[in-house]
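>>> coords please:
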Amino acid sequence: KYCDAQDIPVIVQLPTYEHLDKDRIFKYIYPWVDADGFSNEWVGKTYMSNTSDIQPATPKGVMALLDYYEVEYEGKIALVIGTGKHTGQMLANMLMNEGATVITANEHTKDLNKLVKQADIIISCVGKQGIFDEYSVKGIIIDIYQSIR
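Just a heads-up that it's a prediction; the model follows:
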């Protein structure tokens, strides 16, 4: 059964406990109360250049931080490390929508330091320290830390 509270925003704190199925939880939340923008409807709208409706909170917060510091996106190389569905992928798409040239990296990326050297904006969505050599950095770094239960 769907949640009856049709006007109350809902946030599902991720990561969930191991015994909970997050996909099943999201299935029962109406898109219009999904405050994080994780529903398939909002994810699709974000991929289609949505900038006015609900967007995932963490990527939107990163974009707001970059906007606050007046970081130029257009023509800049942005490296997003971590390709999770709700943070890395969405953030990469939001940056592309703003005109950035986006490179994504994950645990299989061969020479991360080479990509770091090229990037004007580096956003790590993996919650680990020491994944690249700090002497390779020439641009802005944002680290998104997510606690693990």
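
>>> next secondary structure element downstream of the longest helix anywhere in the chain?
The longest helix of the chain (DSSP state H) is helix 57-68. On the C-terminal side of helix 57-68, the closest following helix or strand by DSSP states H and E is strand 77-81.

>>> list the buried residues for that next one?
Across strand 77-81, burial judged by 16 or more other Cβ atoms under 10 Å covers Ala78, Leu79, Val80, Ile81. C-beta coordinates here come from the backbone N, C-alpha and C atoms, glycine included.

>>> distance check, Ile144 against Ser136.
Here the criterion is Cβ to Cβ, to the nearest Å. By it, Ile144 lies 19 Å from Ser136.

>>> same check on Lys76?
In this view, Lys76 and Ser136 are 17 Å apart by Cβ to Cβ.

>>> Trp32 now?
Trp32 sits at a distance of 44 Å from Ser136 (criterion: Cβ to Cβ).

>>> which strands or helices does the helix or strand bottoming out on mean pLDDT in the chain pack on?
Every helix and strand of the chain was ranked by mean pLDDT, DSSP states H and E. The lowest is helix 40-47, at a mean of 70. The elements that helix 40-47 packs onto, with contact taken as 3 or more Cβ pairs under 8 Å, 6 or more residues apart in numbering; DSSP states H and E, are helix 88-97.

>>> contacts for the helix it packs on, please.
By Cβ atoms under 8 Å, 6 or more residues apart in numbering, the residues outside helix 88-97 that reach it are 37, 43, 46-47, 49, 51, 55-56, 58-60, 62-63, 73, 78, 80-83, 102, 104, 121, 123, 125.

>>> tell me which helix or strand comes right after that helix.
Following helix 88-97 in sequence, per DSSP H and E, is strand 101-105.

>>> what's the residue nearest the centre of the chain in contact with, if anything?
Centroid check for the chain by Cα atoms, centre = their mean gives Thr87 as the closest residue, at 2.4 Å. Contacts for Thr87 were tallied using Cβ under 8 Å, 6+ apart; they are Pro56, Thr58, Pro59, Cys125, Ile144, Gln146.

>>> tell me the most packed of the residues you listed, by neighbour count.
Cys125 (27 neighbours; other Cβ atoms under 10 Å).
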